[in-house]
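Undergrad: predicted coordinates and the sequence they were generated for:
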Amino acid sequence: MITIPYLTAVSTYFSYGLLFAFGQLRDYSRLIFDWCSTNNLQGYAPICLAHEDFYIRRLYHRIQDCFNRPISSAPDSWVDVIERYSNDNNKTLKRTTKSTRCLNLGSYNYLGFGSFDEYCTPRVIESLKKFSASTCSSRVDAGTTSVHAELEECVANYVGKPAAIVTGMGFATNSAIIPVLIGKGGLIISDSLNHTSIVNGARGSGATIRVFQHNTPAHLERVLKEQIAEGQPRTHRPWKKIIVVVEGIYSMEGEICQLPEIVSVCKKYKAYVYLDEAHSIGAIGKTGRGVCELLGVDTADVDIMMGTFTKSFGSCGGYIAGSKDLIQYLKYHCPAHLYATSISTPSAQQIISAIKVILGEDGSNRGAQKLARIRENSNFFRAELQKMGFEVLGDNDSPVMPIMLYNPAKIPAFSRECLRENVAVVVVGFPATPLLLARARICISASHSREDLIKALKVISKAGDLTGIKYFPAAPKKQEEEKDRIKLD
Amino acid sequence: MFGLLVLFFFSYRFLTFKILVVVKFESQSFASPLLWANDISCSKSTRISSNSLAALCSIHRAKMDTNLVEMFRAGLNWVTMALDAPSARVVLFGVRIQWHIFVEVLLGFVIVILLSQKSYKPPKRPLTEQEIDELCDEWVPEPLIPPITEDMMHEPPVLESAAGPHTTVNGKDVVNFASANYLGLIGHQKLLESCTSALEKYGVGSCGPRGFYGTIDVHLDCETRISKFLSTPDTILYSYGLSTMFSTIPCFCKKGDIIVADEGVHWGIQNGLQLSRSTIVYFKHNDMDSLRSTLEKIMTKNKRSKNLRRYIVAEAVYQNSGQIAPLDEIVKLKEKYKFRVILDESNSFGVLGRSGRGLAEHHGVPIEKIDVVTAAMGHALATEGGFCTGNARIIDYQRLSSSGYVFSASLPPYLASAAITAIDVIDQNPELLVKMKHNIALLWKGLKDIKGMSLASDPESPIVFLKLEKSSGSTKEDLLLLEKMADRALKEDSLLVVSSKKSFLDKCRLPVGIKLLVSAGHSESDLVKVSESLKRLASELLL
């Protein structure tokens, strides 16, 4: 749990209050100016909700330049960030033809497959020539090519499950498959910080949703006990089934799921485990097989394994792996399989090739090197950041490390300061995080060299001093404590 | 109970005025106030006598016992005397306060007593730890999935070459009528070239959502190209066709809003409608009278709906039936009842209209009249992904509020670059469109006299939909029959045709059938072959 220093919390609230007050003031003055202008939309309710619209116009537009930065190169360790300018106080941003080469600490390019790869790219182009970019058809009609069939087999082998089904988009995998597995009378117990796609899927399913405290198996057990004893609301009938949904690595926290404990709790209470490995597959574990391998959990104990190919494999799409029957059932009922166009064949080929590289089937040890590199890089970078006194969230081995910023003014300050020194970082604020917990997020890649990381650390340290986000003293003693704590976890 | 008492307290306060009037006649006859009291207790509420009118009740009993009357009179005199103190001579609202203050004090006293007492609650007996453990032990969940049945074991054909008009299945060349490759752009040299150069420059994936360095210049170029093609102010790209609708709809429709949707919309839209949590009213498939009466009903029945956001959701070419939506009618109705229109152009973009600009061009309706246009790029454009186009405000709003845009990795750059090239090709080669329309007409001609099935789609739609003339009554059996037909077409005649597929999540209840997707790449002989084959199979299987 994140504990916010008292003073920081007060100043953060104050900053948001100030932004809100000025926003309202501007809205009122605009009202006076707009008094005479005619409204041609009479009879229609406004299409955008007032409070969300207010947030976009008065808060988000001020710092818009920190988000959606276009790049003109592959999302590799260094990217060309296109410069933008604005003529209307940041309301709209226009592209220029100029770009700056920046160190990329924002992309989910964990294993460095995001750019041209000596093994993958030629094979991808070959498959493009053979199969073209799209099948224009769903998997059940004419959307299954031999590459798709190979991919599903390959993924199943890789994650250690008997069978797998692949869809064309990671987000759609969650939102289209959860409703097939569970419906009315079922219960979904979801981690409080689960991704929106899971929330969408759970909502679309019609099942009851309960939430347990983020990554707390003890609370999960309490919720499970309570819910099984109580049964369905009002009728008190027993639940048809219970699915517990957790993620491997939480992308906004950088934390690794406490899977062994969660699995044992679920086993005890006969709940099914749904594990979303969007960020962890390929990125952690000795051979990149994700959180199960890292924490020594038997994949047979995880009923539904979901993951995406957009991160470590540098492609697109998502998969579900499970028992043969489960996958057969999904292939018959999953809407993403029946109604959506199949995953683009070159993308499918990219995944196959990337998995081959990771497993060393390409005849080199590049995969093993990449995996070792990302672990080293992540642990080195995290340790250095902590030494400097930043408040870094997440666990060791996780390539995602959020640095807490808290104050809204520090969001653009940190981002712009880093960009000025040619380091591209991601900053996240409300609504993606709670109001108080704005943060910067660093994603480490295997393609970063040690020099890259040292440069990044220098820049971040300088920006951190400027913006005052080193909330911990840079004392070595404190850092030792931190380390111990993580080991205990 | 307590409330009643308080109520009575005030009603008594009011009634005292009348009682006072009676009390004035005290010297003449004592019975009259008693009768009065009787009257009140009967007419007002029977509960009155039971509790709070204790004093009056005792008077009532005094009727039978004159002794008591005497005693009461003495007591009353005493009270009157006691209350006749200067303080009791206050006049409130023109009423002199006399002995009845005694009753009021008494009532007040009862109220205080009742207030101080605890209200009755049934004793709580939560489950003990042991009981909870027993319940947990006893609970048996259903299996994760129902048992696998025979019909679920169907395996789709595996293609060994690109899914163009001709493809390879099991080493045999087959004619493909299952890909929405309407303009025959699969395998187009220019598309392949642009994909290759993009793959070499950008790699495959974008490794991040649009917000976090997943915006690549080709995405922006693609958005500009689509806007220019459709002459709309702005466009937003989605990374998957299916996610376009289920992200766009919940973005603008929230709880309480009203959506009037066609009953034949595909699953992506259905999911969007469900996620929006709005009030959803369906109208009959492609029936404008039904739409009109639905809109009329909504606007007249519910006065509040004038202040709500109201939408009509329709597909340009319905994936489930091949029908084309009468946009001119819809726009008329929309303007009359002040609804906004959300239109899915997935199967009409690049296909309908003189130059492939979609349904608006087909009906000669200015595109500004349609508020939100969405489309998947996995059809005529022969790439992947989707887009939403409309005015700048609508698009900008989605860039921060649309779940499928904000929380999903962006479209692989090579697919965006393929989309740009595909639009260029459409713009430069109007003959593709003419060829496709010619092919549709040919197929219609060929299938006109098919027995046992009938053409259910629009003559101009690239989806030619054959439905069963005699349905067995069960969708499942119909589907099995159609699947058998498709299987035989593939085996015997090397034709890849497909039947409709139904997930149990799909709420669309339109009749199922055989779907033929016509492409500009089909030759005349292909079309003759498919119509002959289907006619033969229909007469063998259905008659």
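TA: Happy to help now that I have it.

Undergrad: give the contact list for B:Ser346.
TA: Contact analysis of B:Ser346 by C-beta atoms under 8 Å, 6 or more residues apart in numbering or on different chains lists B:241, B:315-317, B:319, B:374-376, B:379, B:386. (Glycine included, C-beta is placed from N, CA and C.)

Undergrad: how about the residues you listed, which pair is most distant?
TA: B:Val317 and B:Gly386 (15.3 Å; C-beta to C-beta).

Undergrad: number of nearby residues for B:Ser471?
TA: 14 (other C-beta atoms under 10 Å in any protein chain shown).

Undergrad: my guess is it meets B:Asp478, correct?
TA: Yes: applying C-beta atoms under 8 Å as the test, B:Ser471 and B:Asp478 come out as touching, 5.6 Å apart.

Undergrad: can you list the weak-confidence ranges in chain B?
TA: Residue ranges of chain B with pLDDT under 70: B:1-65, B:79-80, B:82-92, B:95-99.

Undergrad: can we see that at 50?
TA: Counting by pLDDT under 50, the low-confidence segments of chain B come to B:17-53, B:57, B:62.

Undergrad: tell me which residue lies farthest from the centre of it.
TA: Farthest-out residue of chain B from its mean C-alpha position, per C-alpha atoms, centre = their mean: B:Asn67, at 78.4 Å.

Undergrad: now it: which helix or strand?
TA: B:Asn67 belongs to helix B:66-83 when assigned by DSSP states H and E.

Undergrad: list the contacts of residue 233.
TA: Going with chain A. So A:Pro233 contacts A:Thr208 (C-beta under 8 Å, 6+ apart).

Undergrad: the intended chain is chain B.
TA: By C-beta under 8 Å, 6+ apart, the neighbours of B:Pro233 are B:227, B:390-392, B:395.

Undergrad: for it, what are phi and psi?
TA: phi -70, psi -40 (degrees, to the nearest 10).

Undergrad: for the one 4 residues further on, same thing?
TA: Recorded main-chain torsions at B:Leu237 are phi -90, psi 140, according to degrees, to the nearest 10.

Undergrad: for the stretch 251-400 of chain A, what spans make up the helices?
TA: In the stretch 251-400 of chain A, the segments counted as helices under DSSP state H, counting those that start in this stretch are A:259-268, A:291-295, A:324-333, A:335-338, A:345-359, A:366-388.

Undergrad: can you redo these as a markdown table with mean neighbour count, mean pLDDT and distance to chain B?
TA: Below are the helices of the stretch 251-400 of chain A laid out as a markdown table (neighbours: other C-beta atoms under 10 Å in any protein chain shown; pLDDT from 0 to 100; distance: least, C-beta to the nearest C-beta, whole Å):
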| stretch | mean neighbour count | mean pLDDT | distance to chain B |
| --- | --- | --- | --- |
| helix A:259-268 | 19 | 93 | 8 |
| helix A:291-295 | 23 | 92 | 18 |
| helix A:324-333 | 21 | 92 | 4 |
| helix A:335-338 | 27 | 90 | 5 |
| helix A:345-359 | 26 | 93 | 4 |
| helix A:366-388 | 19 | 92 | 14 |
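
Undergrad: what's the closest of these to A:Thr310?
TA: That would be helix A:345-359 among the helices of the stretch 251-400 of chain A, by C-beta to C-beta, at 9.6 Å.

Undergrad: just checking, what packs against that closest one?
TA: helix A:120-131, helix A:146-159, helix A:366-388 (3 or more C-beta pairs under 8 Å, 6 or more residues apart in numbering or on different chains; DSSP states H and E).

Undergrad: to A:His51, which of these lies closest?
TA: helix A:366-388 (35.4 Å).

Undergrad: put the alpha carbons of the next helix or strand after that closest one into CSV.
TA: Later in the chain than helix A:366-388, the nearest helix or strand by DSSP H and E is strand A:400-406. Output in CSV follows, covering the C-alpha atoms of strand A:400-406 (Å, rounded to 0.1, in the frame of the first residue of the first chain):
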residue,chain,number,x,y,z
VAL,A,400,7.7,-2.0,-14.8
MET,A,401,8.6,0.6,-12.2
PRO,A,402,6.4,3.5,-11.3
ILE,A,403,8.0,6.6,-9.6
MET,A,404,5.5,8.5,-7.5
LEU,A,405,4.9,12.1,-8.4
TYR,A,406,1.7,12.9,-6.4
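
Undergrad: check which residues of the following helix or strand past strand A:400-406 are buried.
TA: Next in sequence after strand A:400-406, counting helices and strands by DSSP H and E, comes helix A:410-420. By 16 or more other C-beta atoms under 10 Å in any protein chain shown, the buried positions in helix A:410-420 come out as A:410-415, A:417-419.

Undergrad: try stretch A:397-414
TA: For stretch A:397-414, by 16+ other C-beta under 10 Å, it's A:397-414.

Undergrad: that one near chain B at all?
TA: No: shown here: stretch A:397-414 not in contact with chain B (C-beta under 8 Å from any C-beta of the partner chain), separated by at least 11.7 Å.

Undergrad: and that stretch, end to end?
TA: 25 Å (C-alpha to C-alpha, to the nearest Å).

Undergrad: chain center to that stretch, what's the gap?
TA: 15 Å (C-alpha atoms, centre = their mean, to the nearest Å).

Undergrad: chain center to stretch B:402-420, what's the gap?
TA: Counting by C-alpha atoms, centre = their mean, stretch B:402-420 comes out at 26 Å from the chain centroid.

Undergrad: right, and the helix or strand after the helix or strand containing A:Ser29?
TA: Taking DSSP H and E as the criterion, A:Ser29 maps to helix A:6-33. As assigned by DSSP H and E, the chain's next helix or strand after helix A:6-33 is helix A:50-54.

Undergrad: which among the contacts of B:Pro233 end up buried?
TA: B:227, B:390, B:395.

Undergrad: tally of neighbours for the nearest residue to the last one once chain neighbours are set aside?
TA: With C-beta to C-beta, 6 or more residues apart in numbering or on different chains as the measure, B:Asp234 is the residue that lies nearest to B:Ile395, at 4.0 Å, once sequence neighbours are left out. Applying other C-beta under 10 Å, we find 19 other residues in the vicinity of B:Asp234.

Undergrad: what does A:His214 give?
TA: 16.

Undergrad: need the contact list for it.
TA: A:His214 neighbours (C-beta under 8 Å, 6+ apart): A:191-193, A:250, A:253, A:255.

Undergrad: for it, give its distance to chain B.
TA: Between A:His214 and chain B the computed distance is 18 Å (C-beta to the nearest C-beta, to the nearest Å).

Undergrad: distance from stretch A:251-261 to the middle of the chain?
TA: Per C-alpha atoms, centre = their mean, the centroid offset for stretch A:251-261 relative to its chain is 12 Å.
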